[in-house]
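Asker: pasted the sequence and its predicted model underneath.
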Amino acid sequence: MTRATTGVTTALYRHFDAGGDLLYVGISLSPFHRLAKHKEQSAWFGQVARITIAWLPDRKSARAAEHAAIIAERPKFNNQHNPVRPLSKAFLKQLRTSPCVREMAAKEKALERLGQLLGLLPDLPRPSARA
């Protein structure tokens, strides 16, 4: 925790869909700025029908409340602290298209092929012996 956020009121916000299901829980010093970021970056934002904001005395208590809310309420799109939340399609798409992940996958494929060529892996079809 930095000095700048010690003792500064922090928002705990919740996004709900039209049916009242909890979509996301987060914290921010500037919830309206964060809302704009979610609108730009979060695939689920179009489902938001209602938002609640509770102000907490500092970031430390807001983090604790956020953590507890995610565990207890299991929002649909929180991945962090959510033990039963599978990875979202949007997150998996980001992962698949990440240059770093693509580079790792290409290297893994190259190493696997090298292992096959060197006979370290049995998957490479071997030419049949001719008499």
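Answerer: Okay, I see it.
Asker: nearest residue to the middle of the chain?
Answerer: residue 79 (4.9 Å; Cα atoms, centre = their mean).
Asker: could you measure from residue 51 over to residue 106?
Answerer: 42 Å (Cβ to Cβ, to the nearest Å). Bear in mind the C-beta positions are built from the backbone N, C-alpha and C, glycine included.
Asker: neighbour count for these two, which is higher?
Answerer: residue 51 (15 against 10; other Cβ atoms under 10 Å).
Asker: burial measure for the closest residue to residue 58 other than its chain neighbours, as a count.
Answerer: Distance criterion Cβ to Cβ, 6 or more residues apart in numbering; nearest residue to residue 58, sequence neighbours excluded, is residue 7 at 5.3 Å. Neighbour count for residue 7, taken as other Cβ under 10 Å: 10.
Asker: so how far is residue 16 from residue 7?
Answerer: 30 Å.
Asker: residue 55 belongs to a strand?
Answerer: Yes. Checked against DSSP: H, G, I helix; E, B strand; the rest coil, residue 55 lies within a strand.
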